[in-house]
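Q: this is the structure alone, sequence omitted:
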């Protein structure tokens, strides 16, 4: 934390420093269903209250820019007890989620059975910009690809499908460079170092080095990815364009593994804006082929292949099947109220996840959000619940949940 305080002192000493922040308060309720690890521990129905305070400081000095963001998170409730009980009773079922960031800038403040709080430096970087060149060093966020629900081209901390909070992407330590062209095209390069810490991933400490080109043509926009992601080589090509009044995107991403096998993921989406009942509406559909997913219709958690497991632990994958269809709507019911339903279908086992969100603006800087998420599918399906081990009678299912969030920016 000494580095943070020194940078804050430097930035605050200059009058042009820009200070901003966000506070959010969540109330969440969960239903894990029957025959689940949660139910076996008497945590079928749980809830929690979660708060977050995020403070950001930006300082521009000619071609130099400094950015710092500090985040405080606190959680309380039976859902916190549930997570602790799961980690103790079923450690193999709890996602590793080890932070492989090069710098350890996160600390627990309080930790007990039902209450947890921690602080984290989520941005800490310095950048230099001149003419067509941008160089940025430190903890920052990066997004690649044009996926609407799935993000196979985004190698560094992608958002989960239908994530409920996308205001900020988790920061990652990296070196970033960008060269801008006059027509709007650009070439980007990143190097992301990692540390293994307590991860079981044998390649956790290997870096990710990648180059990404965004080329704008007269009618089409092209993206090209070339990366060495830890021990594997990744190629990617994306093309986007217009079809009548709709916008479409196609991505193909082959990954060449250290074992000499090749896993190819692909994505295609299309979106159309219009009006319904005199209200603005945008409708989209996305097809996703997960090259790391299981091709069989019926499988247990114990059957998941090692390549998929590693990417689940790294936070690069969030689904275990092979083929998916996602469809959704953004419906502007009033200028201050949006309805955002999204459904994801597993095309192999026909299970589904439905996410319904409502976004209400209460003012220029304050929003109220609420949502429901529920799953459909039989036992043995991905969203209905995968059996932990064949014959165990215990299923790990996506958890039904409801949430309400109040957030304000300052």
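A: Arrived safely. Predicted, not measured: the structure shown is a model, and the values here were computed from it. Numbering: from 1, shown residues only.
Q: CA atoms for contacts and neighbours, from now on please.
A: Noted.
Q: can you report phi and psi for the residue most central in space within the chain?
A: What sits nearest the mean C-alpha location of the chain, by CA atoms, centre = their mean, is residue 159, with 1.4 Å. Dihedral pair for residue 159: phi -70, psi 150, per degrees, to the nearest 10.
Q: over to residue 409?
A: When read as degrees, to the nearest 10, the backbone of residue 409 gives phi -110, psi 150.
Q: run through the bridge partners of it.
A: Note on residue 409: beta-bridge partners by DSSP bridges are residue 22.
Q: list the contacts of it.
A: 20, 21, 22, 23, 365, 366 (CA atoms under 8 Å, 6 or more residues apart in numbering).
Q: run the last query once more with 7 Å
A: The contact partners of residue 409, by CA atoms under 7 Å, 6 or more residues apart in numbering, come to 21, 22, 23, 365, 366.
Q: okay, the residues you listed in JSON lines with distance to residue 59 next?
A: JSON lines is the format used below for the contacts of residue 409 (distance: CA to CA, whole Å):
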{"residue": "21", "distance to residue 59": "15"}
{"residue": "22", "distance to residue 59": "18"}
{"residue": "23", "distance to residue 59": "21"}
{"residue": "365", "distance to residue 59": "22"}
{"residue": "366", "distance to residue 59": "25"}
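Q: nearest to residue 401, of the residues you listed?
A: residue 23 (22.0 Å; CA to CA).
Q: that closest one touches residue 53, doesn't it?
A: Yes - assessed by CA atoms under 7 Å, residue 23 is found in contact with residue 53 at 4.6 Å.
Q: which positions within stretch 282-297 qualify as buried?
A: Across stretch 282-297, burial judged by 16 or more other CA atoms under 10 Å covers 282-294.
Q: so how far is residue 139 from residue 22?
A: Counting by CA to CA, to the nearest Å, the gap from residue 22 to residue 139 is 19 Å.
Q: same deal with residue 203?
A: From residue 203 to residue 139 the distance is 21 Å (CA to CA).
Q: re earlier: turn the buried residues of stretch 282-297 into JSON lines, including distance to residue 82 and secondary structure.
A: What follows is the buried residues of stretch 282-297, written out as JSON lines (distance: CA to CA, whole Å; DSSP: H, G, I helix; E, B strand; the rest coil):
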{"residue": "282", "distance to residue 82": "38", "secondary structure": "strand"}
{"residue": "283", "distance to residue 82": "37", "secondary structure": "strand"}
{"residue": "284", "distance to residue 82": "36", "secondary structure": "strand"}
{"residue": "285", "distance to residue 82": "35", "secondary structure": "strand"}
{"residue": "286", "distance to residue 82": "34", "secondary structure": "strand"}
{"residue": "287", "distance to residue 82": "34", "secondary structure": "strand"}
{"residue": "288", "distance to residue 82": "32", "secondary structure": "strand"}
{"residue": "289", "distance to residue 82": "33", "secondary structure": "strand"}
{"residue": "290", "distance to residue 82": "30", "secondary structure": "coil"}
{"residue": "291", "distance to residue 82": "33", "secondary structure": "coil"}
{"residue": "292", "distance to residue 82": "30", "secondary structure": "coil"}
{"residue": "293", "distance to residue 82": "28", "secondary structure": "coil"}
{"residue": "294", "distance to residue 82": "29", "secondary structure": "coil"}
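Q: which strand residues bridge residue 342?
A: Here residue 342, judged by DSSP bridges, has bridge partners residue 328, residue 355.
Q: picking that back up, quick one, which of residue 203 and residue 139 is more surrounded?
A: For residue 203 versus residue 139, neighbours defined as other CA atoms under 10 Å are more numerous around residue 139 (25 against 16).
Q: mind listing what that one touches?
A: Applying CA under 7 Å, 6+ apart, the residues near residue 139 are 122, 123, 124, 125, 171, 172, 173, 174.
Q: tell me the one among those residues nearest to residue 357.
A: Nearest to residue 357 among those: residue 171, at 25.2 Å, using CA to CA.
Q: residues contacting that closest one?
A: 122, 123, 139, 140, 141.
Q: again, but for residue 393
A: Here residue 393 is in contact with 35, 387 (CA under 7 Å, 6+ apart).
Q: where does it fall, secondary structure wise?
A: Remark: residue 393 resides in no helix or strand, with elements defined by DSSP states H and E.
Q: separation between it and residue 385?
A: 11 Å.
Q: kindly report the same for residue 94.
A: Distance from residue 94 to residue 385, by CA to CA: 15 Å.
Q: more neighbours, the two?
A: Taking other CA under 10 Å, residue 94 and residue 385 do not tie; residue 385 has more neighbours (26 against 14).
Q: isn't the more buried one up against residue 396?
A: Yes - the pair residue 385 / residue 396 is scored as a contact, 5.0 Å apart, by CA under 7 Å.
Q: assign a three-state SS to residue 70, would you?
A: Judged by DSSP: H, G, I helix; E, B strand; the rest coil, the three-state class of residue 70 is strand.
Q: over to residue 86?
A: Put simply, residue 86 is helix when judged by three-state DSSP.
Q: number of residues surrounding it?
A: By the criterion of other CA under 10 Å, residue 86 has 18 neighbours.
Q: sorry, back to before: closest one of the buried residues of stretch 282-297 to residue 76?
A: Looking across the buried residues of stretch 282-297 and measuring by CA to CA, the closest to residue 76 is residue 293, at 34.6 Å.
Q: tell me how far residue 53 lies from residue 114.
A: According to CA to CA, residue 53 stands 20 Å off from residue 114.
Q: can you pull out the helices in the chain?
A: 2-12, 37-40, 78-89, 306-314 (DSSP state H).
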